[in-house]
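1. fold the stuff below for me.
(one chain, ligands or ions: 2)
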Amino acid sequence: MAVIELRGIRRTYRIAAQGAKGKQNGAFVVKALRSIDFSAEAGEFVSVMGPSGSGKSTLMNILGCLDKPSGGTYLLDGIETSTSDSDTFALIRNKKIGFVFQAFNLLARTTALENVELPLFYDREGRRADKTGRKNGEGRRAEGRKDRAAAALREVGLGDRMGHMPSQLSGGQQQRVAIARAMVNDPAFILADEPTGNLDTEMSLEIMALFQALNRRGKTVVMVTHEPELAAYTRRIITLRDGELVSDLPVAEPRDAAADLARWKQDHAQLSASSEPEPQEAEA
Ligand SMILES: Nc1ncnc2c1ncn2[C@@H]1O[C@H](COP(=O)(O)OP(=O)(O)OP(=O)(O)O)[C@@H](O)[C@H]1O
Ligand SMILES: [Mg+2]
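-> Numbering: from 1, shown residues only. Ligands and ions are numbered 1, 2, ... in the order given. Model prediction:
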């Protein structure tokens, strides 16, 4: 079954045009998305590309249930989202989608483990669960949350950093905490908006290797990127232009990020070894 199914998705923005002396002077319409048809099966790894203003963020907001389309239908894991009320819409967002942002968006004075636990505080109705522990069985539930968060952190290779604050972690590690947080609810798919935009080459490769590993274990990932080098690690690339989906192509042979990372580290080690000054003999 398709995890994501968009049919004829449109999104228009109406802007009031300001005339002289601030007078309202009619309105114009921006067609940010014009009838997008797109579907993704479970286990896919898709890049969304396209020039600035082509509609990528608009599409992400709709896929992430942060915004509703002006027309068309969006089935997420078989659920029709466009007709759902705002509570259901929020519930779908919390349960079905794991978000990874360019800026990590971790809580600063909160440990890695607690950051990853956060999505688990939403109960079935999508409200924050009682944290005071008065509810029957809350102790057991709290333990269950900790276990799940710890397992997610181990899965992203941070089993030994659970008690660290974000400021005590590298950028790549912070993004891995964010990925653990995105996965902890076992969402239908992970939505990543330029997840390596704030990271250097080595950390970007680490993050791409992690997404590839998760994807090989069956996670569905949709990632916005401006960089063809990064899209080359995914399995399918869709391209938007002027609000239209202009191409949808499989990646014949996705690059292996872990292998590229190993090569990068090796080259880098050689480079820094050759640029190091000759060791000086200590004066007697
Ligand atoms: N809130 C808004 N109100 C009016 N117009 C908007 C709004 N958001 C986006 N647009 C317009 O919709 C179009 C698509 O914008 P969008 O942000 O989706 O582009 P993008 O592909 O994400 O670009 P970038 O690569 O620069 O982030 C643009 O023409 C933009 O000006
Ligand atoms: Mg954008």
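2. relative to ligand 1, how far out is residue 267?
-> Residue 267 sits 31 Å away from ligand 1, going by Cβ to the nearest ligand atom, to the nearest Å. All C-beta atoms are positioned from the backbone trio N, CA, C, and that covers glycine.
3. what pLDDT does that residue get?
-> On pLDDT, residue 267 comes in at 91.
4. so what's the residue count around the residue of the chain found nearest ligand 2?
-> Residue nearest to ligand 2 within the chain (Cβ to the ion): residue 57, separated by 3.2 Å. Neighbouring residues of residue 57 were enumerated by other Cβ atoms under 10 Å; the total is 17.
5. now do the one helix or strand it maps to: everything it contacts.
-> If you go by DSSP states H and E, residue 57 is part of helix 56-63. Helix 56-63 is touched from outside by 4, 6, 9, 11, 32-33, 36, 48-50, 66-69, 74, 97, 191, 193, 222, 224, 240, 243, with contacts defined as Cβ atoms under 8 Å, 6 or more residues apart in numbering.
6. for stretch 247-261, same thing?
-> With Cβ under 8 Å, 6+ apart as the test, stretch 247-261 has contacts from 38, 45, 202, 205-206, 208-209, 211-213, 231-239.
7. packing partners for the helix or strand containing residue 75?
-> Using DSSP H and E, residue 75 sits within strand 71-76. For strand 71-76, the helices and strands in contact under the criterion 3 or more Cβ pairs under 8 Å, 6 or more residues apart in numbering; DSSP states H and E are strand 2-18.
8. can you give me the strands in the stretch 151-284 of the chain?
-> Counting by DSSP state E, counting those that start in this stretch, the stretch 151-284 of the chain has strands at residues 189-193, 221-224, 236-241, 244-250.
9. give me the low-pLDDT residue ranges for the chain?
-> By pLDDT under 70, the low-scoring segments of the chain are 19-25, 123-136, 275-284.
10. what residues does it put near ligand 2?
-> Where the chain comes near ligand 2, counting by Cβ under 5 Å from the ion, the residues are 56-57.
11. rewinding a little: make CSV from the strands of the stretch 151-284 of the chain and add mean neighbour count to it.
-> Output for the strands of the stretch 151-284 of the chain, formatted as CSV (neighbours: other Cβ atoms under 10 Å):
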stretch, mean neighbour count
strand 189-193, 23
strand 221-224, 25
strand 236-241, 19
strand 244-250, 13
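12. dump the residue contacts of the residue nearest to residue 178 when sequence neighbours are not counted.
-> Counting by Cβ to Cβ, 6 or more residues apart in numbering, the nearest residue to residue 178 once its immediate chain neighbours are dropped is residue 104, at 4.9 Å. Residues touching residue 104, when contacts are defined by Cβ under 8 Å, 6+ apart, comprise 166, 171, 174-175, 177-178, 198.
13. check the secondary structure at residue 104 for me.
-> Here residue 104 is coil, with the state taken from DSSP: H, G, I helix; E, B strand; the rest coil.
14. now residue 162, nearest residue through space, not along the chain?
-> Nearest in space to residue 162, with sequence neighbours left out and distances taken as Cβ to Cβ, 6+ apart, is residue 113 at 4.2 Å.
15. show me what whatever helix or strand that neighbour lives in is packed up against.
-> Assigned by DSSP H and E, residue 113 belongs to helix 112-117. Counting contacts by 3+ Cβ pairs under 8 Å, 6+ apart, the secondary-structure elements packed against helix 112-117 are helix 138-155, helix 171-183.
16. roughly how far out does it sit from the chain middle?
-> Averaging C-alpha positions (Cα atoms, centre = their mean, to the nearest Å) puts helix 112-117 17 Å from its chain's average.
17. what lies in contact with that helix?
-> Among residues not part of helix 112-117, those counted as contacts by Cβ under 8 Å, 6+ apart are 106-107, 145-146, 148-150, 152-153, 158, 161-166, 169, 177-178, 180-181, 184.
18. ok, now with 6 Å
-> When contacts are taken as Cβ atoms under 6 Å, 6 or more residues apart in numbering, the neighbours of helix 112-117 outside the stretch itself are 106-107, 145, 149, 152-153, 161-162, 164, 177, 180-181, 184.
19. that'll do, ta.
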